[in-house]
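In: kindly return the folded structure for what I paste below:
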Amino acid sequence: MSLPGAQRVTGTDGSDFQHRETIASHYRVSAETKSRLRIFIYLHFLLACLVLFQIVTYHMPMLTTLTIPRPHLWQYLWLVTIIPSICGLMAMNKNQIFLMKIFFRGTVLFGLGTIMTTIIFNLSDLFTFKKLKSKNQLDDVEPQTFLGFPLLVLWYIFLIIMVQIHAFSLYMANMLLHCWQQYKPTKRN
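Out: Residues are numbered from 1 along each chain as shown. Here you go, the predicted structure:
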């Protein structure tokens, strides 16, 4: 910085700032991506709390006033993704590649794998529900409801939201892994 009233160096018009140091692009991308990934992981935690609340209230005999639907096996498997998500949060503190890989693989296996399997296995039930609803025969079957809404439709809304959260999380994690591995210093012996 120059002092107020000081003269400019001769031979420059002030447009020669291009040569000065700038933040390397991988650091900028890493910082932006970390904040976005944190948001997605916290959204995942919020939805995991909802599933955990449903499981706990179903198994509590004292809460008989609520009619909570029976938890499915996929919910228990999906809750395992809390562990890789914690690894993902810890990996962002010091750019730890190993923990980010655990987050990536755990989210693919227990997150997307469980959700996509559930969507595929229950797709026939969704088509049956749609067919019965279009023919106005839904009253004969009495589908499970939660607070007046069809439970199957509520689960599919939840599953689609989770597919999006996991997909964006994996995309962000892949970007971070690419940034961190590209400029990883090598150890010299």
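In: just the mean pLDDT for the top helix by length along the chain, thanks.
Out: When the chain is parsed with DSSP state H, its longest helix is helix 25-59. On average, the pLDDT along helix 25-59 is 88.
In: residues of the next helix or strand along the chain from it that come out buried?
Out: With elements assigned by DSSP states H and E, the helix or strand that comes after helix 25-59 is helix 73-78. Across helix 73-78, burial judged by 16 or more other Cβ atoms under 10 Å covers 74-75, 77-78. All C-beta atoms are positioned from the backbone trio N, CA, C, and that covers glycine.
In: what's the answer for stretch 79-98, then?
Out: Judged by neighbour count using 16+ other Cβ under 10 Å, the buried positions of stretch 79-98 are 79, 81-82, 84-89, 91-92, 95.
In: now those as TSV including secondary structure, distance to residue 150 and pLDDT?
Out: TSV is the format used below for those (DSSP: H, G, I helix; E, B strand; the rest coil; distance: Cβ to Cβ, whole Å; pLDDT from 0 to 100):
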residue	secondary structure	distance to residue 150	pLDDT
79	helix	24	93
81	helix	26	94
82	helix	28	95
84	helix	31	96
85	helix	29	95
86	helix	34	95
87	helix	36	94
88	helix	34	94
89	helix	35	94
91	helix	39	93
92	helix	39	91
95	coil	45	88
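In: before we move on, the earlier item: would you format the buried residues of helix 73-78 as CSV with pLDDT and distance to residue 121 included?
Out: Formatted as CSV, the buried residues of helix 73-78 follow (pLDDT from 0 to 100; distance: Cβ to Cβ, whole Å):
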residue, pLDDT, distance to residue 121
74, 89, 9
75, 89, 14
77, 92, 13
78, 92, 14
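In: widest-spaced pair of those residues?
Out: 75 and 77 (7.3 Å; Cβ to Cβ).
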